[in-house]
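K.L.:
When you get a sec, could you give me coordinates for this:
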Amino acid sequence: MTLRDFPLFTDENIDPILVAFLREEGFDVVDVKESGWFGKTDLELMPIAFSEQRVIVTHDSDFGTIIFTQQEPFVGVVYLRPGHFSAAPHRQTLQTILTETLTISVPFILIAENTGESVRVRIRQL
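P.N.:
Next up, the predicted model:
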């Protein structure tokens, strides 16, 4: 499977420009802000994403912490690093992820780090 095989769940810290970009790329995206879930904890959001078999796209590591400390079920997490940049670098990061041939099996954590010069992608299968 590739990332394109999954519907997405964008965390409240994902810029609306990136949400629009993902939809333009053909993804079915549920956005936390658009859904009125702004302010819900990550622990409250994870079951929503899991029930719909959605991959979480986020800037923060809290989802990973929950996965490893509380064994909360999940499909996948795409962690964009460093967090809270403007949309442009993260769009580049997402474009890189989508153009690479990445074989993914559930559950997974994909860490994509944009250094400004390149994008490094790591996948951790769990």
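K.L.:
The closest residue to Thr101 other than its chain neighbours and Ser105: what is the separation?
P.N.:
In this structure, Thr101 finds its nearest non-sequential neighbour in Thr2, 7.4 Å apart by C-beta to C-beta, 6 or more residues apart in numbering. From N, CA and C alone the C-beta is placed, and that goes for glycine too. The spacing between Thr2 and Ser105, counted by C-beta to C-beta, to the nearest Å, is 11 Å.
K.L.:
Show me which residues of stretch 82-101 are buried.
P.N.:
Within stretch 82-101, the residues that count as buried by 16 or more other C-beta atoms under 10 Å are Phe85, Ala87, His90, Arg91, Gln92, Thr93, Leu94, Ile97, Leu98.
K.L.:
before we move on, what about stretch 115-125?
P.N.:
So, applying 16+ other C-beta under 10 Å, buried residues of stretch 115-125: Val119, Ile123.
K.L.:
likewise stretch 12-29?
P.N.:
Buried residues in stretch 12-29, counted by 16+ other C-beta under 10 Å: Glu12, Ile14, Asp15, Leu18, Val19, Phe21, Leu22, Phe27, Val29.
K.L.:
I'd like the average pLDDT over it.
P.N.:
Confidence for stretch 12-29, expressed as mean pLDDT, is 97.
K.L.:
Between the two ends of it, how far is it?
P.N.:
Terminal residues of stretch 12-29 lie 13 Å apart, using C-alpha to C-alpha, to the nearest Å.
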